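Asks: The sequence and its predicted three-dimensional model are supplied below.
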Amino acid sequence: MTGSTKYIFVTGGVTSSLGKGIISASLAKLLQARGFTVTIQKLDPYINVDPGTLNPYEHGECFVTEDGAETDLDLGHYERFLDVPTSKANNVTTGRIYQNVINKERRGEYLGKTVQVIPHITDEIKAHVQALGRKGIYDFVITEVGGTVGDIESLPYVEAMRQLKWQKGKDCITIHLTLLPYLGTTGELKTKPTQHSVKELLSLGVQPDVLVCRTEHPMQKGMKEKIALFCNVDANAVIESRDADTIYDVPLLMQAEGLDQVVLQKLGVANSPDVDLTAWQDFLRRYKHPKSEVHIGLVGKYVELKDAYKSIKEALEHAGAENESKVHIKWVHSEKLTPKNVAKHLGGLSGILVAPGFGHRGIEGKIEAIKYARENKVPFLGICLGMQMAVIEFGRNVLGYDDANSTEMNADTKHPVIAMMEEQKTIENKGGTMRLGAYACKLAEGSTAHKVYGRKDITERHRHRYEFNNEYLEAYKKAGMAPTGVNPQTKLVEIVEVKDHPWFVGVQFHPEYRSTVMKPHALFVHFVKAAMQHGGTPVKQEAEAQQA
Ligand code: GLN
């Protein structure tokens, strides 16, 4: 596109959790499918410098970028939809903004001025938004403002948006996402909360250009016109966003509603190429019309909150579609698993995935699940802590190290088969100090991992402090657990495989962060394939007919 970068803000009103991330990612997908370059950024109005130290119960999964930033899970959606890596610059929190401003103040960069929310905090916010645009590679920068308009904590962001809109004129628009609640007693959708939410934005000096209205039911006749009139927007800029069967339908639903067209029109972009979503539609066809189905257990301690394992869940679904198989995930609480009930919980599953995690809670259950998978030859994928637990299980039950453990869980174990990495031992701060981001790994000739990746040199993203203890390497190799992926520089073990097993792979890294709709991750694809071979069942005719 010729001309300057265009800025699109996405704000939310009425309630939280309306899916701003999915709407932002869907719009970005439509613009990308027209041949434009797009990036999406999330501004989070909390004081933590990044979400890395947040409990998953508070905030869901922490998504790790290639360059090792610990970020909001919405960045996972951005990457899965766009297939373009994000970076540190794509997630900014209030904590980071203030940290930068305070650091500048300490360095004397404000030349004696009183440092204030306006202009210093708002300038810092604007600088972060425009930094992505200045790279000169993006036609569009979409900025999702976390929280709900009207919150005290999002005020500086709304003010920064107001200023940028004023400064950029036609190159900057705001899309406001609201909710149309449905009153069951009268059978009606209500527009008043949307009107109020727009008034709230107006009181802060921002006129939204486009409204996206989340609704469970179709909008009634004349409703778009009514909202348009009350909110000073064009009727064609009131977009209906009905609940979808899958988030991957949303780009097509938004296309049908003309979201991308109205955005281009508002930003003065004429003659853009047509949307080409052929490959996306092909994915959806495979996803919605599977030929078989397979049941996979996901063992973790946060299973009540599925967002804690967002990228793993999505990666399993991408892999299912690739294999034309419907993956049913059985969420298994690791704290509930005991030697007595493990067969009851995991019996009948065709694959077992043990999830990442921190701390002691639930690890004995993870170890039981792994023992079950290993002994019963059920395909197994262990991720990060899941891999470490596989090493401990093997140590205890095959090598006879009764108290084998990670020093994270028991600092005094006689067999620290998993131990803290050397460089971690002197680190005191918790935030942003793990081994983070992409590192190289060399795969062993003929290993399962080698077959899966189809090459020997790979990189994958990490987030951990503990590692396989190389003092035990020979003992493990001899007993049948092989290190099949090793970091070429540090010799850290990144992958272990049990030899006498159809498919048993533990990875120290997080393959789930790299799985996208267009490029499902090979490890997940092959894990699902192995599960299908172990015990997938063809989809029954009736079920198929129903889904069609
Ligand atoms: N707690 C383990 C470590 O820090 C595993 C981390 C994880 O699963 N992401 O090494």
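Replies: Good, I have the coordinates.
Asks: tell me what the strand or helix carrying residue 293 is packed against?
Replies: Assigning secondary structure by DSSP states H and E places residue 293 in strand 292-300. Packing partners of strand 292-300 (3 or more Cβ pairs under 8 Å, 6 or more residues apart in numbering; DSSP states H and E): helix 310-322, strand 325-333, strand 351-354, helix 363-375, helix 522-535, strand 537-538. (Glycine included, C-beta is placed from N, CA and C.)
Asks: Which element, helix or strand, includes the residue positioned nearest the centre of the chain?
Replies: In the chain, the centroid-proximal residue (Cα atoms, centre = their mean) is residue 76; its distance is 2.7 Å. Applying DSSP H and E as the criterion places residue 76 in helix 74-82.
Asks: And for residue 60, nearest residue in space, chain neighbours not counted?
Replies: Ranked by Cβ to Cβ, 6 or more residues apart in numbering and with sequence neighbours excluded, the top spatial neighbour of residue 60 is residue 307, at 3.2 Å.
Asks: Same check on residue 242?
Replies: That would be residue 215: by Cβ to Cβ, 6+ apart, it lies 5.9 Å from residue 242.
Asks: Counting neighbours, what do you get for the one you found?
Replies: 17 (other Cβ atoms under 10 Å).
Asks: repeat for residue 534
Replies: With other Cβ under 10 Å as criterion, residue 534 counts 17.
Asks: follow-up on the earlier one: list the residues that contact the residue nearest to residue 60.
Replies: By Cβ atoms under 8 Å, 6 or more residues apart in numbering, the contact set of residue 307 is 56, 60, 61, 73.
Asks: do you know how far the residue in the stretch 101-250 of the chain that the ligand sits nearest to is from residue 89?
Replies: Ranked by Cβ to the nearest ligand atom, the top residue of the stretch 101-250 of the chain for proximity to the ligand is residue 146, at 23.6 Å. For residue 146, the distance to residue 89 (Cβ to Cβ, to the nearest Å) stands at 16 Å.
Asks: Neighbour count: these two, which is higher?
Replies: Shown here are residue 146 and residue 89; by other Cβ under 10 Å, residue 146 has more neighbours (24 against 16).
Asks: just checking, that one touches residue 45?
Replies: Yes. Under the criterion of Cβ atoms under 8 Å, residue 146 makes contact with residue 45 at 5.5 Å.
Asks: mind listing the helices for the stretch 151-300 of the chain?
Replies: With DSSP state H, counting those that start in this stretch, the ranges of helices along the stretch 151-300 of the chain come out as 155-168, 192-203, 223-231, 250-257, 259-266, 278-288.
Asks: Columns mean neighbour count on top of those, output as a markdown table?
Replies: Shown next, in a markdown table, are those (neighbours: other Cβ atoms under 10 Å):
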| stretch | mean neighbour count |
| --- | --- |
| helix 155-168 | 20 |
| helix 192-203 | 18 |
| helix 223-231 | 17 |
| helix 250-257 | 19 |
| helix 259-266 | 20 |
| helix 278-288 | 15 |
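Asks: Is it possible to get TSV of those helices that adds mean pLDDT and distance to residue 341?
Replies: Output for those, formatted as TSV (pLDDT from 0 to 100; distance: least, Cβ to Cβ, whole Å):
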stretch	mean pLDDT	distance to residue 341
helix 155-168	97	48
helix 192-203	96	47
helix 223-231	96	52
helix 250-257	97	39
helix 259-266	97	49
helix 278-288	97	33
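Asks: Now do the helix holding residue 76, average pLDDT.
Replies: For helix 74-82, mean pLDDT rounds to 97.
Asks: try stretch 105-123
Replies: Stretch 105-123 comes out at a mean pLDDT of 96.
Asks: With just CA atoms, put stretch 281-299 into CSV.
Replies: The C-alpha coordinates for stretch 281-299 follow below in CSV (Å, rounded to 0.1, in the frame of the first residue of the first chain):
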residue,chain,number,x,y,z
GLN,A,281,-11.7,-22.0,4.2
ASP,A,282,-9.9,-25.2,3.4
PHE,A,283,-8.9,-25.4,7.0
LEU,A,284,-12.4,-24.8,8.2
ARG,A,285,-13.7,-27.6,5.9
ARG,A,286,-11.3,-30.1,7.4
TYR,A,287,-12.0,-28.8,10.9
LYS,A,288,-15.8,-29.0,10.6
HIS,A,289,-16.1,-32.3,8.6
PRO,A,290,-13.7,-34.7,10.3
LYS,A,291,-13.5,-38.3,9.0
SER,A,292,-12.6,-39.7,12.4
GLU,A,293,-12.5,-38.7,16.0
VAL,A,294,-9.9,-39.2,18.7
HIS,A,295,-9.9,-38.7,22.5
ILE,A,296,-6.9,-37.1,24.1
GLY,A,297,-6.4,-36.5,27.8
LEU,A,298,-4.9,-33.1,28.8
VAL,A,299,-3.5,-33.5,32.3
